[in-house]
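From the sequence below, what's the structure:
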Amino acid sequence: MANEEKRTFQRLDAVFQSAPELPLDGNHKYAVMSDIHLGDGGQADNFHHNEQVLATGVKYYRENNYSLVLLGDIEELWQFDLEKILERYESPIYQLIRAFPPGQVHRVAGNHDSEWGAPPDPILREPGRSQGAPEGLKLVDGTGKPCLLLVHGYQGTTGSDKYAWISRFAARALVPVEWIGRLLGIEGAANPSSPDSQVPNNFEAIRYAWAKEKRLLLICGHSHRAMFASKPWSAYLREQIARLNAQIQAAPSIPETEKLYAELILRNDQLREERERGRDVEPLDSQPKPCYFNTGCCVYTKGPTCIEMESGRIRLVKWTKLGTGEGRRDVFQEGVIADFLRQLL
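This is a model prediction of the structure:
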């Protein structure tokens, strides 16, 4: 871990120094999405079941004047050719993204879509034009002081940074037989864009340590593990389970108890899924500083997650997939950015 931690610190330092700046103030709103992993619509495309719900979310952010930050791994270029991806998702995904006003869509490079220095970027309004993509974005306050770094997060990792070409070769080679893994219930083992997480648990610990040392907020993707204020969703589920158990003990009536039990069953099922999917991580600290955030991903079976920033507040949001295929915006956690920054001093 020591070598990877040192390599990650060096890479994040370099990204922070060179990252373009965006304003963090009451006049700007940001929706941060990562790990969409757009494919070709076939058996190996882990995103296609969320197409309609993501379209609902993107349309909501455009209509409510958010800037959209695409935090890496938007296209699944390890497994599919760009032409096939564009053919499948030109409508509605790319059309909706290009409908944002100029300057309100920002792309950050991820390990699965790191080629944006070369092919024409499909999020741009001008066909055939390529702008490349930075590895990170800095958000600065009204005085120009950097207070938050947006980065996909693969920097410093062995399989996705140092030896990424080997991982990409393996991912492309396994596409034709991926359906077998799904049939056997082991799709995540051979599929880096699945809802499962194959990222080691020290991923969060290393990036948390960097953010804590720099006294900055850090927002990543990559791991497919949603986190808010340095705590995984599984930790919040445990807190809710403990609260529900206490309420059941004190419930004055049978109808109220039955309602609480129904919610308790739901939360226990959600916690079990987090464990099975490899998204339950150890606490990052005895009393974690609220400096590390993760968007989660857009290939979850029940809908995408993302992070919003608006009017000095930061939120972890789930676009829950409804029976119609469209999405409902559910706020999972919310806090005040200035309060989190003060706790890092």
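
all helices for the chain, in order.
According to DSSP state H, the chain carries its helices in the segments 2-18, 51-63, 82-89, 95-98, 164-173, 178-184, 187-190, 202-214, 233-250, 254-276, 337-342.

What is the burial count for Asp330?
When counting by other CB atoms under 10 Å, one arrives at 12 neighbours for Asp330. To be clear about C-beta, it is placed using only N, CA and C from the backbone, and glycine gets the same treatment.

again with Gly312
As a burial measure, the neighbour count of Gly312 was computed by other CB under 10 Å and equals 13.

follow-up on the earlier one: which of the helices of the chain sits closest to Arg107?
Set against Arg107 and scored by CB to CB, those come closest in helix 95-98, at 9.6 Å.

could I have that closest one exported to PDB, CA atoms only?
Listed in PDB are the C-alpha atoms of helix 95-98, where the atom choice follows Å, rounded to 0.1, in the frame of the first residue of the first chain:
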ATOM      1  CA  GLN A  95     -28.500  15.100 -27.700                       C
ATOM      2  CA  LEU A  96     -29.600  16.000 -24.100                       C
ATOM      3  CA  ILE A  97     -26.000  16.800 -23.100                       C
ATOM      4  CA  ARG A  98     -25.300  18.900 -26.100                       C
END
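
isn't Met33 right next to Thr295, touching?
Yes: A contact is recorded between Met33 and Thr295 when judged using CB atoms under 8 Å, the distance being 6.3 Å.

so what sits against both of these two?
Common contacts of Met33 and Thr295, defined by CB atoms under 8 Å, 6 or more residues apart in numbering, comprise 71, 306.

Could you check which of the two is surrounded by more residues?
The neighbour comparison of Met33 against Thr295 (other CB under 10 Å) goes to Thr295, with 31 against 27.

Check whether that one really touches Asp35, as I assumed.
Yes: applying CB under 8 Å as the test, Thr295 and Asp35 come out as touching, 7.3 Å apart.

Name all residues that sit in contact with those two at the same time.
Contact criterion CB under 8 Å, 6+ apart; residues shared by Thr295 and Asp35: 71, 221.

Quick one: closest of the helices of the chain to Gln287.
Across these, the minimum distance to Gln287, taken as CB to CB, is reached by helix 202-214, at 11.5 Å.

Distance from that closest one to the middle of the chain?
Helix 202-214 sits 17 Å away from the centroid of its parent chain (CA atoms, centre = their mean, to the nearest Å).

Pull out the buried positions in that helix.
203-212, 214 (16 or more other CB atoms under 10 Å).

Quick check: phi and psi on the residue nearest to Arg277 when sequence neighbours are not counted?
If you skip the residues right next to it in sequence, Arg277 has Asp196 as its closest partner in space, 5.0 Å away by CB to CB, 6 or more residues apart in numbering. Note on Asp196: backbone dihedrals following degrees, to the nearest 10 are phi -70, psi 160.
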